[in-house]
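Visitor: sequence and computational prediction follow.
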Amino acid sequence: MRCCLRWFAILFLVSINADCQHPEAADIAIYSDSGTWDESVKATEKMFQWMGYTVALVDAGHINKEGLANFRIICIPGGDMYQYAQDLSSDGKENIRSFVRGGGSYIGICGGAYFAASRVVWRGEELQIASLNLFYGIADGPHDVIIPYPDYGMCKTQIVNSVHPITESLPDMLWILYYWGPVLLPSDTTDLTILGRYDAIGHPAMMSLEYGEGRVFLIGTHPEIEEDSERDGVEFADELDDKGSDWDLVKKAVLWCLKK
């Protein structure tokens, strides 16, 4: 009996592993592996499900070997961009670029926004990592003038483009959680639109751009975290005042990414 139970447990664990390594097709893939911030992964999953999209969690092994053909959007959430660069192989990074270039979309939140830049600066030092190079420029942070490191807090983001589909009809100013995120400093603004700037520093906080046939949305803050609501499934920063949800902003970004 003990032997049977042991083998059942082993088969159950193997089954879970197989599901993690080979996720079913879904609208949106969320990167979830070493270095990702658990709260960001959980809240992002809840946010996309609230929008009505199907979601799958994918790890580095899946992206490196299988690519992203079963999905419409890849979202890389908050976390350690240095670890992302280590775990995603050169093939994996090219699989992401090829996916977007061919008509897929990329959403990068905080660590995922750092990872999308051609150059990454962390606390004044340029990291020697192989990033995605989805946009030519620097992702640089965190900045004490926004929120002193290593703290987190709500920051003002000025909406500077009121005609883009992502930001039209939004208020002129949003309050969004800042947790060590980058300013986004493009070297080439071709096919790129600055959507918002950090009020405290004046540098870009979010942008959209075309990449081949695909689209990219990057944001240095954490719109997935709902500070005054339980619907994000996490308790992080619940002591802060959200001053309104940011999920509608991301919903508009998803619709733009999907060309709807």
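Guide: Cool, got the structure. Numbers count the residues shown, from 1 in each chain.

Visitor: can you map out the helices along the stretch 51-200 of the chain?
Guide: For the stretch 51-200 of the chain, applying DSSP state H, counting those that start in this stretch gives helices covering 60-66, 81-87, 90-101, 111-116.

Visitor: pick the most deeply packed of these.
Guide: helix 111-116 (a mean of 31; mean count of other Cβ atoms under 10 Å). In short, each C-beta sits where N, CA and C put it, glycine included.

Visitor: dump the helices of the stretch 51-200 of the chain to TSV, plus distance to Asp241 and mean pLDDT.
Guide: Shown next, in TSV, are the helices of the stretch 51-200 of the chain (distance: least, Cβ to Cβ, whole Å; pLDDT from 0 to 100):
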stretch	distance to Asp241	mean pLDDT
helix 60-66	36	98
helix 81-87	29	98
helix 90-101	36	98
helix 111-116	24	98
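
Visitor: for those, give me TSV that also has distance to Ala139.
Guide: Output for the helices of the stretch 51-200 of the chain, formatted as TSV (distance: least, Cβ to Cβ, whole Å):
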stretch	distance to Ala139
helix 60-66	20
helix 81-87	8
helix 90-101	15
helix 111-116	4
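
Visitor: Gly79 touches Ile30, doesn't it?
Guide: No: using Cβ atoms under 8 Å, Gly79 is not in contact with Ile30; the gap is 11.2 Å.

Visitor: and the closest residue in space to Trp175 that isn't next to it in sequence, which of the three is it?
Guide: Sequence neighbours aside, Lys243 is the residue nearest to Trp175 in space, at 4.1 Å (criterion: Cβ to Cβ, 6 or more residues apart in numbering). Following DSSP: H, G, I helix; E, B strand; the rest coil, we place Lys243 in the coil state.

Visitor: count of residues packed around Lys243?
Guide: Neighbour count of Lys243, defined by other Cβ atoms under 10 Å: 15.

Visitor: same question for Gly67.
Guide: 17.

Visitor: report the contact partners of it.
Guide: Asn95, Ser98, Phe99 (Cβ atoms under 8 Å, 6 or more residues apart in numbering).

Visitor: identify the residues contacting the second one.
Guide: If a contact means Cβ under 8 Å, 6+ apart, then Ser98 has Gly67 as its contacts.
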